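In: Below is the structure, and that's it, no one-letter string:
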């Protein structure tokens, strides 16, 4: 089954409209839109995944409740203020955002999902936001995806958008998504937000299942600095306008849909990593031969989060000793003398020792903008991949405060 | 009971002699001693703790075996090469180091502990080292602690040495220690080594118990970059020359000894943190009110290892939102609305929200070279403290390779 890339982001699927407005939420008076609104005039089913951080921003708490609503119609989101660590007042403000959007669109409050990203611990300028949101329905249109994608940017350097068209039972079906960056993107703004839409006919339970699988293969595989935000949110809406035969469990059609969704979320995840400020290299860390899935993940994440390893990559230093070290302290089952490590397929470590590959060869690989580290533990059949970055002096400068 | 600081490091306790030699082990021809030898002509009992990294350097494996010997007499250690990830040849070379020291001192191989620190994955220049070690007995003396401390330095900027005198049952008892730095100290050299001596009369089992408790309160509480070395080793020798009544379990005398040992290991641990290259700030992270000891530790370590938090400290930015975030993703039991956070006793967060303390007040504190973050989870009685640092642009530069 072919997946065709199409333009249009979240407004590529039939029926969805979107737009943005400038409200002036940021402390620094950035002269660009900071509120996004996405709307489906048709009924939808909604799915979502939220940060597992125990410190959850107010909008995350409200969206998690509203997700239970059988007919979510809109997503209201702002940049510049995370509405996190803001207590009862923050909860009230998140509700007021949903109420303002619902009033403007003629919906019930619970039909609106809400997201915020930005500074922690500062109350939202809610009156100003309510006034702005009231003006937004007139700004929504079928070409509004880019405007919405730009409005949720914090210090992202480009808007992140992907859409695909596939065929299901003779019907064209579209999926689209926009996202904003994760990790150390800016002082106080480390949130990953992703909004996805589709015109596929799919029930709520299957949509949630497909989204959870997809997030696990994409956004849960990226790490830049290992810090998980209080606001991370992925929301997906499906309005059924494609008219395809309803997707069913364990069918080739659902598999096609899953593959398309996975492609979208993986592409957005990669764009997020590549756009991390201070990032100079994109690194895939594959672990093969792990004794268990969980061991594969722990080993890969330990390497991907090792400050020493990431600094070495920044400097173009292969330094496989630091990779061995990070595997060793990850706590996974391993036998040092079985470990092989490859850089873009070139063997660096054979049986836990230097392979004899000239260091110059490995240095050439680590000097490039993208490379892959493959670690084979030779203990089992489990594997895991993490997408990560180097750690640069610019990263530190960008995160040392105002 | 008074503890008096005395000079002399590991040769402050009666009977121990030490010294160093230059062998030229480093790739860069640093013109300073790189092999240390510590020797007790009298029988000793030995205790030790080793890295829990599953990738263990060859000398760690050999020392862990030789620690079982009832009469350890010497420690041979080199800087410049870690003898890690060196396979069977590395094991043989670690044995040859013990054999060379044993031959020079008239001991059995198993009476010698061996340590290495430096580059990973490169074979030791063992013939050259054997020749050097053979000359070392003549260099050992009762003032040799400083020479030994300097010989194990990698990029440490100063030798780390502490000694104390206490009284036990009317007898003067001395404890001394030297250490070299931990964490990101230098490319490829991230090992913490600590050698401790005492002339107390104490049996092997009690000594091991005292050392394990002490290491848990000191070296296990420091984190700079979260990377744990393949070579970390703490060794303690007790020769009984003080002639005190033998120390016994659950006595005030043993408590005194423990307190003195804790003071030495904590001081050495602090010196290691302060001397970390690229470190501009020394930060204590206390967690109070945790539901369990393990929760206290996880919360404190999560904050101490958060790249974003450490960058903010470097920049003098209080940024308590990043601390809340790091507690939240640590996975410990917490209720956001109960969390209080203090900077040097000044409240920054009250009940999970901004306390109202002017940001300037907090900025002043974070601008200083040392400060304490106290987090109260208000859930239980458990507490934990970690000693850590900021994350600076110099840290990255020092670790990006040659």
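Out: Yep, that arrived. For clarity, every value in this text was computed on a predicted model and none was experimentally measured.
In: What are the buried residues along the helix or strand where residue A:176 lies?
Out: With elements taken from DSSP states H and E, the one containing residue A:176 is strand A:171-180. For strand A:171-180, a neighbour-count test (16 or more other C-beta atoms under 10 Å in any protein chain shown) marks A:173-180 as buried. Bear in mind the C-beta positions are built from the backbone N, C-alpha and C, glycine included.
In: among those, which are within reach of chain B?
Out: Among those, no residue sits close to chain B (C-beta under 8 Å from any C-beta of the partner chain).
In: what's the lowest-pLDDT member of those?
Out: pLDDT across those is lowest for residue A:180, at 93.
In: Could you report the distance from it to chain B?
Out: Distance of residue A:180 to chain B, computed by C-beta to the nearest C-beta, to the nearest Å: 17 Å.
In: ditto for residue A:74
Out: Distance, residue A:74 to chain B, by C-beta to the nearest C-beta: 27 Å.
In: List the contacts of that residue.
Out: Contacts for residue A:74 were tallied using C-beta atoms under 8 Å, 6 or more residues apart in numbering or on different chains; they are A:37-40, A:101-102, A:105, A:107, A:111-113.
In: circling back: in the sheet, which strands lie alongside the strand holding residue A:176, parallel or antiparallel?
Out: Applying DSSP bridges, strand A:171-180 is found paired with strand A:160-168 (antiparallel), strand A:193-198 (antiparallel).
In: Looking at those strands, spot the one closest to residue A:244.
Out: Evaluated over the strands paired with strand A:171-180, closeness to residue A:244 peaks at strand A:160-168, with 4.2 Å, by C-beta to C-beta.
In: Tell me where chain A has helices.
Out: Applying DSSP state H to chain A gives helices spanning A:58-66, A:87-105, A:126-134, A:145-151, A:204-217, A:252-274, A:293-305, A:307-314, A:320-329, A:359-366, A:393-398.
In: Surely residue A:262 touches residue A:214?
Out: Yes - the criterion here is C-beta atoms under 8 Å, and residue A:262 meets it with residue A:214 at 5.0 Å.
In: re earlier: okay, the helices of chain A in CSV with distance to residue B:3 and mean pLDDT next?
Out: Shown next, in CSV, are the helices of chain A (distance: least, C-beta to C-beta, whole Å; pLDDT from 0 to 100):
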stretch, distance to residue B:3, mean pLDDT
helix A:58-66, 52, 97
helix A:87-105, 47, 97
helix A:126-134, 59, 98
helix A:145-151, 63, 97
helix A:204-217, 55, 96
helix A:252-274, 52, 94
helix A:293-305, 40, 94
helix A:307-314, 36, 90
helix A:320-329, 34, 92
helix A:359-366, 50, 96
helix A:393-398, 40, 83
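In: Residue B:208 is nearest to which of these?
Out: Across the helices of chain A, closest to residue B:208 is helix A:320-329 (C-beta to C-beta), at 23.1 Å.
In: Give me the helices and strands touching that closest one, please.
Out: Judged by 3 or more C-beta pairs under 8 Å, 6 or more residues apart in numbering or on different chains; DSSP states H and E, helix A:320-329 is in contact with helix A:293-305, helix A:307-314, strand A:340-343, strand A:346-350, strand A:370-376.
In: mind listing what residue A:11 touches?
Out: Applying C-beta under 8 Å, 6+ apart, we find residue A:11 in contact with A:17-18, A:141-145, A:176, A:197.
In: actually residue A:234, not the one I wrote
Out: For residue A:234, the contact set (C-beta under 8 Å, 6+ apart) comprises A:48-50, A:193-196, A:211, A:215, A:219, A:265.
In: The same query, at a cut-off of 10 Å, please.
Out: If you count contacts by C-beta atoms under 10 Å, 6 or more residues apart in numbering or on different chains, residue A:234 has them with A:47-51, A:115, A:177, A:179, A:192-196, A:211-212, A:214-215, A:218-219, A:265, A:268.
In: now do residue A:314
Out: A:278-281, A:366, A:389-395, B:396-397, B:399-401.
In: Restrict these to the buried ones and give me that as a ChimeraX selection.
Out: The buried subset of the contacts of residue A:314, as determined by 16+ other C-beta under 10 Å, is captured in ChimeraX by this line:
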select /A:278,279,280,281,366,389,390,391,392,393,395 /B:396,397,399,400,401
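In: how close does residue A:176 sit to residue B:309?
Out: Residue A:176 sits 36 Å away from residue B:309, going by C-beta to C-beta, to the nearest Å.
In: buried sites along stretch A:19-26?
Out: A:19-21, A:23, A:25-26.
In: near chain B at all, it?
Out: No - against chain B, stretch A:19-26 shows no contacts by C-beta under 10 Å from any C-beta of the partner chain, the least distance being 15.5 Å.
In: circling back: now, of the contacts of residue A:234, which are buried?
Out: Neighbour-count burial (16+ other C-beta under 10 Å) is assigned, among the contacts of residue A:234, to A:47-51, A:115, A:177, A:179, A:192-196, A:211, A:214-215, A:218-219, A:265, A:268.
In: and the stretch 1-150 of chain A, which residues reach chain B?
Out: Selection of the stretch 1-150 of chain A residues close to chain B by C-beta under 10 Å from any C-beta yields A:51-57, A:82, A:84-90, A:119-123.
In: rewinding a little: the buried residues of strand A:171-180: which two are farthest apart?
Out: Greatest spatial distance among these (C-beta to C-beta): A:173 and A:180, at 25.4 Å.
In: Got the domain ranges for chain A?
Out: Chain A resolves into domains spanning A:4-274, A:282-398 when parsed by automatic domain parsing.
In: so which of these comes closest to residue B:233?
Out: When the domains of chain A are ranked by proximity to residue B:233, the top entry is domain A:282-398, at 14.8 Å, counting by C-beta to C-beta.
In: gap between the two ends of the closest one?
Out: One end of domain A:282-398 sits 18 Å from the other (C-alpha to C-alpha, to the nearest Å).
In: quick one, phi/psi of the residue in the stretch 101-250 of chain A that chain B sits nearest to?
Out: Residue nearest to chain B within the stretch 101-250 of chain A (C-beta to the nearest C-beta): residue A:120, separated by 2.9 Å. Residue A:120 adopts backbone torsions of phi -90, psi 140, taken as degrees, to the nearest 10.
In: Residue A:43 now?
Out: Torsion angles at residue A:43 (phi, psi; degrees, to the nearest 10) stand at phi -60, psi 150.
In: Excluding chain neighbours, what is closest to it?
Out: Excluding the flanking residues, the one nearest residue A:43 by C-beta to C-beta, 6 or more residues apart in numbering or on different chains is residue A:71, at 4.8 Å.
In: count of residues packed around the one you found?
Out: Applying other C-beta atoms under 10 Å in any protein chain shown, we find 15 residues neighbouring residue A:71.
In: Does it touch residue A:46 like I think?
Out: Yes - the pair residue A:71 / residue A:46 is scored as a contact, 8.4 Å apart, by C-beta atoms under 10 Å.
In: Between these two, which contacts overlap?
Out: Counting by C-beta under 10 Å, 6+ apart, the shared contacts of residue A:71 and residue A:46 are A:40, A:111, A:204.
In: Who wins on neighbours among these?
Out: In terms of neighbours by other C-beta under 10 Å, those top out with residue A:40 at 26 neighbours.
In: That one touches residue A:113, doesn't it?
Out: No - between residue A:40 and residue A:113 there is no contact under C-beta under 10 Å: 11.3 Å.
In: what residues are shared contacts of these two?
Out: Residues touching both residue A:40 and residue A:113 (C-beta under 10 Å, 6+ apart) are A:46, A:72-75, A:237.
In: OK, contacts around the most centrally placed residue in chain A?
Out: Nearest to the mean C-alpha position of chain A, by C-alpha atoms, centre = their mean, lies residue A:219 at 4.4 Å. Residue A:219 sits next to A:49, A:179, A:182, A:192, A:194, A:232, A:234, A:265-266, A:268-269, A:272, A:387 when contact means C-beta under 10 Å, 6+ apart.
In: would JSON lines of these with distance to residue A:8 be doable?
Out: Below are these laid out as JSON lines (distance: C-beta to C-beta, whole Å):
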{"residue": "A:49", "distance to residue A:8": "24"}
{"residue": "A:179", "distance to residue A:8": "15"}
{"residue": "A:182", "distance to residue A:8": "24"}
{"residue": "A:192", "distance to residue A:8": "22"}
{"residue": "A:194", "distance to residue A:8": "16"}
{"residue": "A:232", "distance to residue A:8": "25"}
{"residue": "A:234", "distance to residue A:8": "19"}
{"residue": "A:265", "distance to residue A:8": "17"}
{"residue": "A:266", "distance to residue A:8": "19"}
{"residue": "A:268", "distance to residue A:8": "15"}
{"residue": "A:269", "distance to residue A:8": "20"}
{"residue": "A:272", "distance to residue A:8": "20"}
{"residue": "A:387", "distance to residue A:8": "25"}
